[in-house]
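K.L.:
Structure of the sequence below:
(one chain, ligands or ions: 2)
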Amino acid sequence: MKAGYHFLTRRSLAFKINTVLFVLILLIVAGQWVVQSTYISRILTRQALAKGSEIAELFAMLSIAPLRRLDYSTLRGNAEGLLKTEDIISVSLLDSSGFDILPFASKPIPDKAVTTILEKEIYDEIGTKLGTLRIKLSLNQVQIGVAQTRSLLQISFAVILTLSWTAITIMLRLMLLIPIKRLAASMDGVAHGRIIDPVEISSRDEIGVLASSFNTMTMKLKQSLDTQLRSEKLAALGGLVAGVAHEINTPLGVAITAITMMAEDVGTLKTSLADNNLSYQQLVDYTDETNKACDIIQKNLMQAAKLVRSFKQVSADQSSEAKRKINVGTYMEEIIASLKPEFKRTNLTIKLNCPERLNVEMAPGTLSQLITILVLNAKVHAFESDQIGQIHISISNDRSNLTITVSDDGRGMDAETQRRVFDPFFTTKRSSGGTGLGLYILHTIINEQLRGQVEVISHPGAGCLFTLSLPFHPDTIHLVD
Ligand SMILES: Nc1ncnc2c1ncn2[C@@H]1O[C@H](COP(=O)(O)OP(=O)(O)O)[C@@H](O)[C@H]1O
Ligand SMILES: [Mg+2]
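P.N.:
Ligands and ions are numbered 1, 2, ... in the order given. Predicted structure coming up:
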């Protein structure tokens, strides 16, 4: 019973409905068959018996005169005539003392024949009983008729069964199963983070209402997701701007200090010159100091310029989708440099492992976006604020794929977290500003833009390993010399 229940629960709705319908139609058709064939059998039997009685009546009437005359040869002649009728097997005529006057008026009984006996008492005009007529009737013809009718019924019911079952199955499919399947596929898509086109509404029934509510829901979800995505992008850019501004401030500050000191030295030099007491040693010291200050200013301004350059590169690429040729290793270093401010007050190091001569053509902003999401996630989620740790980025390729792995030796994740990391809005840091959109964006870019795959392997306490598998394709990323 239980096994049967489990068997049924595992089956598709289409299978269950079809089975129930089939059994129902079969029962109805079988019931009809029993009723109709019983009815036909009754009618045919009744007709055969009526015919038999008519014959018996006639024979009885014709027998009155010969019986009275004891004319046995006429009686036998009549009986033989009667026996020519196909359904009559024997004719007995018992006189008033019960003696059979026609002992030989019979023919062989066919095999398995169902027979019945008709009896008719014979009276003369004044009511004296002259004898009893007994006719044995075969119902073989009735049986043949019933069998023929039954097989005709069987054929027509089989046709009805097949046609009605097919028609209902097609209707069910069109009106119920296909719309439900379409809706389920869309829901599944949404559940896996893909917001898809609205479901087509082809009817105004309950399914249509369901589809329309579903469309409203996805539209609202899409709107709120778009808003969130925009704010996440802005927040990421804002964070980057703040970090870079802070970082540039340091070399600029040093350069300003050096220039201020230089200005003071020039002032002193100018006074000595005006007073006419400028010594040779003073001039030597001044040139030495100025030289040093120039060095410091140059170094720091160059550092600031470099920061601006890499920031410009990363942020500009993030918003433009133009493809260009990049050396992956060099570009990765630029990305890591742009992330430096984020890692300034941490004990985390970022290691890069990349083949030197790997050149690709792609929209580089995409790559920096993916790496930034993973590296910042490692910083935020994998380690405590002063924990020592390592983030390892490793890049490899073959003819058809670019593979990027980003791993950390931080706290890792449990199975439940791991199962949900790519879901939109899933975050374990909501209270401290997590949006749960980082890995969702990553997943969307990889799946929809780059037609690749991403997976994560992690265990609590054993860090995380994200593997990005990006297929080469002329429209997305492809190898160049
Ligand atoms: N390197 C990592 N180590 C541990 N947990 C991580 C790591 N990266 C991501 N996670 C988990 O995945 C969740 C989702 O990440 P993400 O989509 O970027 O959202 P958010 O960073 O806003 O929380 C995080 O809240 C965190 O629980
Ligand atoms: Mg994140």
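K.L.:
can you list the domain ranges for the chain.
P.N.:
With automatic domain parsing as the criterion, the domains of the chain are listed as 2-162, 240-317, 320-481.
K.L.:
Out of those, which one sits most buried?
P.N.:
domain 320-481 (a mean of 17; mean count of other CB atoms under 10 Å). C-beta coordinates here come from the backbone N, C-alpha and C atoms, glycine included.
K.L.:
hmm, back to that, got CSV for the domains of the chain, with distance to ligand 2 and mean pLDDT too?
P.N.:
Below are the domains of the chain laid out as CSV (distance: least, CB to the ion, whole Å; pLDDT from 0 to 100):
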stretch, distance to ligand 2, mean pLDDT
domain 2-162, 39, 85
domain 240-317, 14, 84
domain 320-481, 3, 91
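K.L.:
Give the helix, strand or coil label for the residue of the stretch 151-300 of the chain found nearest ligand 1.
P.N.:
Closest approach between the stretch 151-300 of the chain and ligand 1, counting by CB to the nearest ligand atom: residue 232, at 8.2 Å. Judged by DSSP: H, G, I helix; E, B strand; the rest coil, the three-state class of residue 232 is helix.
K.L.:
For it, give me the pLDDT.
P.N.:
For residue 232, the pLDDT comes out at 72.
K.L.:
so who does the closest residue to it other than its chain neighbours touch?
P.N.:
Take residue 232 and drop its neighbours on the chain: the residue closest to it by CB to CB, 6 or more residues apart in numbering is residue 437, 4.8 Å away. By CB atoms under 8 Å, 6 or more residues apart in numbering, the contact set of residue 437 is 228, 229, 232, 424, 425.
K.L.:
Would you reformat the residues you listed as a markdown table and include secondary structure?
P.N.:
Formatted as a markdown table, those follow (three-state DSSP):
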| residue | secondary structure |
| --- | --- |
| 228 | helix |
| 229 | helix |
| 232 | helix |
| 424 | coil |
| 425 | coil |
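K.L.:
hmm, back to that, dump the domains of the chain into JSON lines; add distance to residue 180 as well.
P.N.:
Output for these, formatted as JSON lines (distance: least, CB to CB, whole Å):
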{"stretch": "domain 2-162", "distance to residue 180": "7"}
{"stretch": "domain 240-317", "distance to residue 180": "44"}
{"stretch": "domain 320-481", "distance to residue 180": "24"}
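K.L.:
which one of these lies closest to ligand 1?
P.N.:
That would be, of the domains of the chain and by CB to the nearest ligand atom, domain 320-481, which comes in at 2.5 Å.
K.L.:
anything in that closest one near ligand 1?
P.N.:
Yes. Interface with ligand 1: domain 320-481 contributes 377-378, 380-382, 408, 410, 413, 417, 421, 426-429, 434-440, 464 (CB under 6 Å from any ligand atom).
K.L.:
Could you pick out which of those residues are located in helices?
P.N.:
377, 417, 438, 439, 440 (DSSP state H).
K.L.:
picking up where we left off before, for the contacts of residue 437, which one is nearest residue 199?
P.N.:
Using CB to CB, residue 424 comes nearest to residue 199 of those, at 19.5 Å.
K.L.:
what's near enough to touch the residue lying closest to residue 413 once chain neighbours are set aside?
P.N.:
Using CB to CB, 6+ apart and skipping residues adjacent in sequence, the residue nearest residue 413 is residue 458, 4.6 Å away. The contact partners of residue 458, taken as CB under 8 Å, 6+ apart, are 412, 413, 418, 464, 465.
K.L.:
can we see that at 6 Å?
P.N.:
412, 413, 418, 464 (CB atoms under 6 Å, 6 or more residues apart in numbering).
K.L.:
Touching, the first one and residue 465? I think so.
P.N.:
No. Look at residue 412 against residue 465 with CB atoms under 6 Å: they stay out of range, at 9.5 Å.
K.L.:
Which residue, other than its chain neighbours, is closest to residue 72?
P.N.:
residue 101 (6.2 Å).
K.L.:
likewise residue 356?
P.N.:
Computed as CB to CB, 6+ apart, the closest residue to residue 356 that is not its neighbour in sequence is residue 329, at 5.8 Å.
K.L.:
Thought residue 354 was touching the one you found, still the case?
P.N.:
Yes. Using CB under 6 Å, residue 329 is in contact with residue 354, at 4.1 Å.
K.L.:
Could I get the full set of helices for the stretch 251-400 of the chain?
P.N.:
Applying DSSP state H, counting those that start in this stretch to the stretch 251-400 of the chain gives helices spanning 280-319, 328-339, 364-377.
K.L.:
packing partners for the second one?
P.N.:
In this structure, helix 328-339 packs against helix 280-319, helix 364-377, with contacts taken as 3 or more CB pairs under 6 Å, 6 or more residues apart in numbering; DSSP states H and E.
K.L.:
Distance check, the residue nearest to residue 356 against residue 450.
P.N.:
20 Å (CB to CB, to the nearest Å).
K.L.:
ditto for residue 187
P.N.:
Distance from residue 187 to residue 450, by CB to CB: 25 Å.
K.L.:
when you compare where whatever helix or strand residue 219 lives in runs with where helix 280-319 runs, what's the angle?
P.N.:
Residue 219 is part of helix 206-275, with elements assigned from DSSP states H and E. With axes from the mean of the first three to the mean of the last three CA atoms, to 10 degrees defining the directions, helix 206-275 sits at 170 degrees from helix 280-319.
K.L.:
now the angle from helix 206-275 to helix 328-339?
P.N.:
Angle between the axes of helix 206-275 and helix 328-339 is 80 degrees (criterion: the same axes, to 10 degrees).
K.L.:
Report the angle between helix 206-275 and helix 364-377.
P.N.:
In terms of direction (the same axes, to 10 degrees), helix 206-275 departs from helix 364-377 by 90 degrees.
K.L.:
The one residue in the stretch 151-300 of the chain that gets nearest to ligand 2 - how many residues pack around it?
P.N.:
For the stretch 151-300 of the chain, the residue closest to ligand 2 is residue 232, as judged by CB to the ion, at 8.8 Å. Residues lying near residue 232 (other CB atoms under 10 Å) number 17.
K.L.:
Quick check: the gap between the residue nearest to residue 481 when sequence neighbours are not counted and residue 62.
P.N.:
Nearest-residue entry for residue 481: residue 359, 6.5 Å, with adjacent residues in sequence omitted and distances by CB to CB, 6+ apart. Residue 359 is 120 Å from residue 62, where distance means CB to CB.
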